[in-house]
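**Student:** Sequence and predicted structure are below.
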Amino acid sequence: MQQSQQAANAWRILFLLFLANLFNFFDRTIPAIIIEPIRLEWGLSDFQIGLIGTAFTIVYAIAGVPLGRMADTGARRKIMGWGLVAWSSLTAVNGLAWNFWSFLLVRMGIGIGEASYAPAANSLIGDLFPPHKRARAMGIFMLGLPLGLLLAFFTIGAMVEAFDSWRAPFLIAAVPGMILALFMFCIKEPKRGAAEAVQVATSAVDKPLRKVLAIRTFWWLVLAGLAFNF
């Protein structure tokens, strides 16, 4: 009975993580869809338009390393919750930007907020599901990526038309993120390593980054990710 309750709770948490991942990608896609009215309003060059996405990506990648380290040792629900609060509130601020530089700086802040989510969510999924169920759980979680993009491309234009402003999607998108943040703080985290069939060591790993970089498969995954996103 207790195991069935734990399993049901794990799937409920996974659904919450999926929704947050969906809005993670929904929020970050908004500028790509409404960049033309922004360009016209502020008279942006192609270089400035490209800089918006580039700055976000660089900040997101750099911030992910220390935030991932925090997810190894800290309360993951708090990391995800505050990350949601940060990127959702800054998404709303993005809709209030008054020039290119204010817009760019806020996007960089959103990059830091969003970088907090994936490491903590992946870590939590690893402790919620045993190895034979983990791949399916990760597949469901990662569905947030294509479905978030799909939702964005189907709704953002309609929002702009309905409110006659490119700023509207930023303000609207902040609402579900703030609501999801409240649920994140209420998650009851499992013990680290709780889903493993074999007891794992809880002591800190010596030079973990070096150990990861020594895995050849990791480099293939990095190269595949670079090629795909390029």
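**Tutor:** Yes, it's here. Residues are numbered from 1 along each chain as shown.
**Student:** now the lowest-mean-pLDDT helix or strand in the chain: how far from the chain's centre is it?
**Tutor:** Ranked by mean pLDDT, DSSP states H and E, the helix or strand of the chain with the weakest confidence is helix 208-213, at a mean of 85. Taking Cα atoms, centre = their mean, to the nearest Å, the mean C-alpha location of helix 208-213 is offset from the chain mean by 23 Å.
**Student:** Same check on stretch 116-134?
**Tutor:** 14 Å.
**Student:** can I get the CA coordinates of it in PDB?
**Tutor:** The C-alpha trace of stretch 116-134 is given here as PDB (Å, rounded to 0.1, in the frame of the first residue of the first chain):
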ATOM      1  CA  SER A 116      18.300  26.400 -12.100                       C
ATOM      2  CA  TYR A 117      15.600  24.100 -13.300                       C
ATOM      3  CA  ALA A 118      16.900  21.300 -15.400                       C
ATOM      4  CA  PRO A 119      19.700  20.100 -13.100                       C
ATOM      5  CA  ALA A 120      17.500  20.000 -10.000                       C
ATOM      6  CA  ALA A 121      14.600  18.400 -11.900                       C
ATOM      7  CA  ASN A 122      16.800  15.700 -13.400                       C
ATOM      8  CA  SER A 123      18.300  15.000  -9.900                       C
ATOM      9  CA  LEU A 124      14.800  14.700  -8.400                       C
ATOM     10  CA  ILE A 125      13.600  12.400 -11.100                       C
ATOM     11  CA  GLY A 126      16.500  10.100 -10.400                       C
ATOM     12  CA  ASP A 127      15.400   9.700  -6.800                       C
ATOM     13  CA  LEU A 128      11.700   9.400  -7.600                       C
ATOM     14  CA  PHE A 129      12.000   6.500 -10.100                       C
ATOM     15  CA  PRO A 130      13.900   3.300 -10.100                       C
ATOM     16  CA  PRO A 131      16.300   2.600 -13.000                       C
ATOM     17  CA  HIS A 132      13.800   0.500 -15.000                       C
ATOM     18  CA  LYS A 133      11.300   3.300 -15.000                       C
ATOM     19  CA  ARG A 134      13.700   6.300 -15.200                       C
END
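**Student:** picking that back up, which other residues reach the least confident helix or strand of the chain?
**Tutor:** Applying Cβ atoms under 8 Å, 6 or more residues apart in numbering, the contact partners of helix 208-213 are 72, 205, 218-219. In short, each C-beta sits where N, CA and C put it, glycine included.
**Student:** okay, the residues you listed in a markdown table with neighbour count, secondary structure and pLDDT next?
**Tutor:** Putting the contacts of helix 208-213 into a markdown table (neighbours: other Cβ atoms under 10 Å; DSSP: H, G, I helix; E, B strand; the rest coil; pLDDT from 0 to 100) gives the following:
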| residue | neighbour count | secondary structure | pLDDT |
| --- | --- | --- | --- |
| D72 | 14 | helix | 87 |
| V205 | 11 | coil | 73 |
| F218 | 12 | helix | 92 |
| W219 | 11 | helix | 94 |
